[in-house]
Structure formats: C-alpha cells, structure tokens
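[1] Coordinates only, no sequence provided:
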C-alpha cells in the first residue's frame, strides 16, 4: 500500500504563491482602477499590502524597477504579467510610452501607496 | 534541454518548404469559422438597387483569408476575434493579410486617418497575430527618416552598465546634485520629472537612438555625469557613439515587422532618399543598395552600406506606415507625390456608429460583442446560450494567451451579452452625436449650425470626441469610488476626538457590475456638464442633454406619462449576480448567503456550507419557490433555523401574512395565532437577501385588504381618474384610481409601492412585534427596507438584491432613508412623495403626540419608532415545519 508522505498533502510553496497571486490579480482587476494602454495592454493599480506582495512573489511575474527592466520584460515573449513596485523609477506616461512602442499585449500591475 | 522555439517567419521566403507553409497557414473566414467583414454591396430596396456599406462575413473554404503565423491556430483565432479592428477598418485588415502572404512582393501598407482611430493598433495587431514577439512601433514625429537606414547611437557597452549605475543611484537618492542637474539637460523626451520637478526616470532605450544631434548632445552630458559620479573609472561603464543599421535594415535582416507611426510628422525632406527603398519594398525593384553616410563621422565605426535583395526577404518582414489625416503644414505635412504614388496610402473612413459600438464593447468585455452579434444575429437569437458560451470561450482563450484571469466585470457582462449589445448601441449613438456636435469642421453640414458660436477648432481639438475619450470615460467608470452626497441631504458628524482614527462600519463589498451602469452614466452626465454648461456653452449642453434622454442613458421614469419601455443604458449595465437565469448559480449564491447568515446568528455552528446543506437541496428548494404562485395568498418563505430540518434539506420555511384587517372585517374576536408563531425579524430579513426567494417575497407582501377597512373617503386623494370615469372599486367606496391605494397595493403605473409588516424581534427589552417598512420601485428592482439592525453578513447580499436596508436605530437613519427614497423616486413628479405618505398612512398611525400639527415627510415617518401599525399584517410561520 502506498504510504502518503507529507509531500502528498502539502501544497508546494510555489503553487501556493501562484494561487495567491492569481487571487490578488483578480482582486486588483475587480477593485483597482484599470487603464487601457496601447495594443491591448492594461494597467491595474494594486494597493501596497498582501496583494502586491503575492504578485511580486509569483515566479511567473516579472518585477520591473526601472524603464530598462520594464522594456526588457515587455519584449520578453515568455513574460505575460509585469509588476511595478511603488518606488519604481517610472511614471504612468513612461509605462504608456513603452507599451506604445512595443506592439505586444501585456498585463501590468502597479503598486500604489493608498496611505 | 529546453528546445528553442522555431520561428518559421525568420526563414527566407524562398527557403520555405511546403511543410513550412502548411504550418504557417492559419485560415480565417471559412464556412464553419466565418469572419466578419465590412464592404460595399448592392442592396435592393423596393425594386431599386443601391450601393451600401454593410457588415457581412467571409466564409470561403477554398479561398479563405490566411494569417501566416508562428502562433498556434487557437491563439490566432482568439486574438483575431477579440482584438478585431472596427468594422470600417476590416477591409484594411483584409488587405494587410493579403500583403503579408509569402508570395506578395508588396511588403508595405500605409494608412492615413484621424488621431486615435487605431492605425498603429491595426498595424501591430497584424504583426501580433503572426508572432508572440513585440512589434516595434517607431514614432516618426520630428525624426530624420534617413536614420531608418543608418543611425547614430549611444553605445553603453554590453549590459548597459552606465545607465544601470545611474538608475541605481537615482533610486537610492545618492546621485550627486550636479548629476541631477545634468540629467535635466538630456532631451526632454528622455527624462520624466516627478510632481516636485525632480528627475523620476530616464528613458535610456529612447536616448540610445534619439537621432544624430540628440545623441551627440546626450553623449557630452553623460560623459560629464559619468565623471561626476566617478563611474568613468569603473570597469564596464563604457560610453561611446557608433553608427549602426537603422530599424528598416535591422527588421529586414531579422524578418520582423515594423510600424512607422506618424510618418507624415517626420522631418520634412528627410525621406527623399527613401524613394528607391520604397520601390524595393513594394516589389518594383529586386535589389537596392544604400550607403551609410555616417560611416567614419566623428571617428565612429559602423557598416558602410547595405544591399536589400528580394531573395533575402523573410516571411515575417513587413512595414506598416501610418499618417495623420489632418495636415497642418507645421507638425503634419503633405508627403512627396512620389511617396503617395509608391505607397498608395489607404484613407480610413470616419468612424460610424457600428465602429463606436465595436470599441465600446471591446473595452467593456474584451471582445467586440456587438459586431459579432450583428454578423451572426440569426444564430445568436436562435440559440443565445450557445452564442454566449462561444463569446466566453473566445475571451477565456485570449485570457490564456495573456496569462491573466478575466476581470470579474467582463465575465459578468459577457454572461449578460444582450445587455451589452443593447446598451452599447445607445452609447454609440450618443457618442456619435456628441462627436458630430463637437466637430467644428462639420457642424454646419450636420445640422448643428446653431453651435457655431460655441464650437471652434480649438474646442474641437481639446474636447472633440474620439475613441480615446471613450477609453477615458470607461476607465473612470469601472472602479467603485466614493460618491458625493446630494447637496441638500442632511448631514451630521461628531465634533469630538478628531485626533483619533474614525470608527468605520463593517465593510460591505459590492460586486463591481452591480452599479456599473450608474457609475458610467453619472460620469457621462458630469462630463457633459463640465465640458459644456460649466464653461459657458449652454446651447451645446442643452443639445447633449436631449441626446442623453433620446438615447436613454439614465434610468428615469418619464414624468409626463407612462414609463418608457425602452431599457436604459444604466439599467442594462447594472447587473446583479442574483439576476443570473441559471437556477443552479442562484442556488449556489443563496446557499452561501444562507450559511453565512446561519453561522453569524448561531455562533455555535462551525459547520461548512457543505455540511450545513448540499447544493442539490438548495437547488430543489429554490425550484419549489420559483414555481409556487405565492402573491395571491400573501405567502412567503423565510430562513429556517431549525438544525434538524435544515439537515433534512429544508433551508426555508413557509410563512403567510395574516392581516388584522381581515379579522376585523369578519368581526372575529380571537386570533388563531400567538406571538410565538411570528417569524423572527432576522429570518424575514434574511429571506430578502436570498436570490429567487427575496424576489418572490417582495411580490407577496402588498396590500389586498385595505378596501375592506376603508369604506369611506380615501386618505388624501387629489388625483383624477386616469380614464375620467370615476368608477369605484368593487370592494368598497374607494375609487379604483386612488393613487395612494394603488401605491399601497403595488398596482400604481408609476411602479412605486410601500407597505409595512410586523415580525418578532428580541433584544434586551424582551420579545415584541416590530414593523418592517418596505418601499419598492418595481420597474427598477430597487427596494428600501427600514427595520431593526440586520445581521452584517446579509449586507452584501442586500446590495445584489437591490435592497437598501436602513437600521431605524442608526443616528443617520433619516439621512440614509432620504437618500434611498431619492434614488427610488428619481425622475418622478414631486407629488409622488405625498402619495407615498398617504399610502403609508393606510397602515400606520401617525397621530402621535410629537407629530401633531406637523406634515412629516416619509423619511421621517419610516424611522420613527413611535409610529405604530394600525391593523397590523403579521408574518406568521405556517404550522408545518419545513418545506
């Protein structure tokens, strides 16, 4: 008979993070503002807190602190979701400009400080 | 080992095998996958045929449209249907696909149109359909077009070490003040400032290829910064200038697409030497060599020349050029005749209503529901469910491609796709009208000559309506924000202890779709006012207001007559999850509300929803409720709290309203029920929060017996008989047209009603019957319920059910009731308030001391604890326990 070890019962941390990230993304999409950017890109605001931490921790999400990082992530076909921390070196206009010149559809979450 | 993705589009066309072509070819517009298409056709009307533009489909198995794509078929389909260009641009889309075929020698497409029409979107879309790699969109505004071939660039060395070091210091706040000042000397397009005027970011990638002059200036500035920061000595922080192949050559070599945006905004005279290149790209030449004029300039290195050869053309290469239609001769110029003759630009038509509607739907749901409906109307009407499932599949597949979930609002709107089609058409017509009225060039020709004093070219530039404005309006309407209170609403606040954080009531989350229509239409109303009347354009305001009414944006009951049968945009887009037609979904929602309620009122219950009651049992209960005709006998269903019977699958119990008026009329001295038989306040309130059950109960609480107890004059009727007959009702001497009575019976053509019932309430003062007052607007499915404090777990569900519940003990109760009444009677004649008070008086005794000599308003009466019921209507549990 198979002896189910603990690993059979415990969800992996990565998977948990991924599930939490999707929940956080859904919450941001529902509650945060959405900005329609060029080429079908969308920018959602996400308040600083557990939701933004969950998205940042998701290995499938690329965190972009600078415009160089943002453009590299936008140009990476393997990256679909991008996270922009609250203290990133870029304005909303910068984000729009980068989306405009790279004709590709990405979903961006921008951390905002609501305090 | 991970295998690198093979991109067949990177292959030279001459090297593509039949197998490669088969892999690349993705048909679009076949008999079982028709694709919408806009075109000119001869249409017959009464024996006469005229040419008209129509939306039809391409469905040809032999000659379908073809997308040559490295993407899987499923992705091509989802993207081409979801991101479909607006109908009037579909012929250009079709043409673009034709020119991208491997056998096509013309590898260019030029489009001229208004700003915001979606030209660069269309160019990039065709590229996106073919590959998941980004499509470079180059803004040609003010640029030297010679640099499309060879360009002078800043060379930061491998890994962009210098920019990264500067970014790092910028972020840490350790950049020297001198360097900060120097950064501001870089071209304005490369530097963003924060609200305090400090440098926030530098667009290094733009700077690298900013153009010869800018590159040279930036090079000097960066040299100084590098030195100031001591980065010039650090290894890897190289800084130089170099000449390299420009984007045209790079894309040709890589076999990729390029969009040259705003081509006619480029620097005048700089595209003269591109003529032979265009001849090569449109297939007139087989070969063309260009020399690098930058070679050896200022000791830079780089390629000396490049030869374009037809045989080197790769399948993925394509150039889209876009241009602005309005040539002002300053920023936007007329192109050389030879450019027009070679590139044969296609001019985009002005957007039609169908185009506005298409874009509105795309922004609201993620796909152009209206265009798909128009193209497949017959099938959609025949089997709306299958059509809805297909729409959802398209959106889900697009979400899969994008790697994110579908926003909840889009999901809800897609589930209610008919509402989206209806409302988007009205919105489109309104926007079309708004665009006509704000276009200075056309107002004299389109019947708006009276606006000539108010709408000039400057106003058109600033406030003219285009697709971008719609985008901004929808962006504003999607999130839930705090709403400004009515100016005359009573307000009170605690003046003490402002140094402490405020006490907030328990949050009551709202489904984003529940009031989406209200948010959108209120925002539009505000915009119309702020952009017109608020800036002195009263005539324009008045015309736009009329258009808002004509296209039924707001949900108002017409004052001058019966309510229009036309559903408003607001009504269509305010979508409650409770309105889902699927009873299984309703049962799931009802079960959740019920279980949450049960756990809150019985804290000892720790069981999960599944342990409390199965979805099947709740579905069966709801089915029974839905099918039972309860209104004629005042029968209702309330929450069951008996664990035993709940366990046996009975979450509700049956109840009935027993009216003391009937006992009085029949001279019965004794009641056949006691206080113990009364339904509990919370159980009754909870029933209103359950989908299906709440609606059923709200149809069964209205007056049926007043005519028995009011044989004399009506309470206060001043209304004339609508039919002029003055025929009294059969039940007594009250005229059948007594508006107050009709309001009490929920039979008024104004669709507003009020009544009261009594239930059992228990608190520190003991057990006693208490009144629950109900005011309902049947047409808008909105209800005000005033009673004791309701369990907090019900509050979210109340919102979904369209119920505004007010706790009469709340210090702000009257303000809240007043706000709710304003909402319920919006658009009705002011006299409706008096009718509601009269209707209320049929059952409630307002002859109490503190109201003597006053003419209290309904809001005051509804929250007054001293106002008691005459001839109460008790909600009594039926003798048999569950259902």
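    Yes, it's here. Owing to the predicted nature of the structure, the values given are computational and were not obtained by experimental measurement. Residues are numbered from 1 along each chain as shown, chains lettered A, B, ... in the order given.
[2] Tell me, how many residues neighbour the one residue in the stretch 401-550 of chain B that gets nearest to chain A?
    Nearest residue of the stretch 401-550 of chain B to chain A (CB to the nearest CB) works out as residue B:403 at 3.1 Å. Just so you know, the C-beta spots here come from the backbone N, C-alpha and C atoms, and that holds for glycine as well. Look at residue B:403: counted by other CB atoms under 10 Å in any protein chain shown, it has 16 neighbours.
[3] Do I have it right that residue B:785 meets residue B:776?
    No. The pair residue B:785 / residue B:776 is not scored as a contact, 9.1 Å apart, by CB atoms under 8 Å.
[4] Residue 20: which element?
    All of this is about chain A. helix A:13-31 (DSSP states H and E).
[5] look at chain B instead
    helix B:18-24.
[6] Now do the buried residues in that helix.
    B:20, B:21, B:24 (16 or more other CB atoms under 10 Å in any protein chain shown).
[7] just how off-centre is it within its chain?
    On the basis of CA atoms, centre = their mean, to the nearest Å, helix B:18-24 is displaced by 41 Å from the centre of the chain it belongs to.
[8] Can you measure across stretch B:314-321, start residue to end residue?
    19 Å (CA to CA, to the nearest Å).
[9] before we move on, what about stretch B:484-503?
    Note: stretch B:484-503 ends 20 Å apart using CA to CA.
[10] quick one: it to chain centroid distance?
    So, by CA atoms, centre = their mean, the centroid of stretch B:484-503 is 32 Å from its chain's centroid.
[11] now residue B:555: how far from residue B:205?
    49 Å (CB to CB, to the nearest Å).
[12] Just want to know which of the two has more residues nearby.
    residue B:555 (23 against 20).
[13] Which pLDDT value belongs to that one?
    pLDDT for residue B:555: 70.
[14] need the residues of chain A near chain B, please.
    A:22, A:25-26, A:29-36, A:38-40, A:60, A:65-68, A:71, A:74-75, A:77, A:80-81, A:87, A:89-91, A:93-94, A:97, A:100-107 (CB under 8 Å from any CB of the partner chain).
[15] And the residue of the stretch 1-150 of chain B closest to chain A?
    Closest point on the stretch 1-150 of chain B to chain A, by CB to the nearest CB, is residue B:124, at 2.8 Å.
[16] ok, what's across the strand from the closest residue to that residue other than its chain neighbours?
    Using CB to CB, 6 or more residues apart in numbering or on different chains and skipping residues adjacent in sequence, the residue nearest residue B:124 is residue A:103, 2.8 Å away. With DSSP bridges applied, residue A:103 shows beta-bridge pairing to residue B:135.
[17] Mind pulling the model confidence for residue A:103?
    For residue A:103, pLDDT reads 93.
[18] Now do the contacts for it.
    A:38-39, B:120, B:123-125, B:127-128, B:134-137, B:257, B:259 (CB atoms under 8 Å, 6 or more residues apart in numbering or on different chains).
[19] cool, residue B:347 as well?
    B:111, B:112, B:113, B:325.
[20] What separation is there between it and residue B:121?
    Residue B:347 is 17 Å from residue B:121, by CB to CB.
[21] just residue B:110 next, same as before
    For residue B:110 relative to residue B:121 (CB to CB), the value is 15 Å.
[22] Domain map for chain B?
    B:1-43+B:52-141+B:250-294+B:310-349, B:150-245, B:351-486+B:508-575, B:655-720+B:731-877 (automatic domain parsing).
[23] Just tell me which of those domains ends up closest to residue A:13.
    domain B:351-486+B:508-575 (20.4 Å; CB to CB).
[24] Straight-line length of the closest one, end to end?
    Terminal-residue distance, domain B:351-486+B:508-575 (CA to CA): 29 Å.
[25] quick revisit: biggest separation within the contacts of residue A:103, which pair?
    The widest separation within the contacts of residue A:103 (CB to CB) is 15.5 Å, between A:38 and B:257.
[26] The two - which one has more neighbours?
    When neighbours are counted by other CB under 10 Å, residue B:257 comes out ahead of the other of residue A:38 and residue B:257, with 27 against 20.
[27] Now do the buried residues in the helix or strand in which residue B:53 is found.
    Secondary structure from DSSP H and E places residue B:53 in strand B:48-58. Across strand B:48-58, burial judged by 16+ other CB under 10 Å covers B:55, B:58.
[28] what's stretch A:76-86 in contact with?
    Under CB under 8 Å, 6+ apart, the answer for stretch A:76-86 is A:25, A:48, A:52, A:55-56, A:58, A:60-65, A:70, A:73-74, A:90, A:95, A:104, A:106-113, B:132-134, B:402-404.
[29] what mean pLDDT would you report for that stretch?
    94.
[30] and what of stretch B:263-279?
    Here the average pLDDT along stretch B:263-279 is 88.
[31] where does it sit relative to the chain's centre, distance-wise?
    Relative to its chain's centre, stretch B:263-279 lies at 41 Å (CA atoms, centre = their mean).
[32] Where does pLDDT dip in chain A?
    Scanning chain A for pLDDT under 70 picks out A:1-11, A:115.
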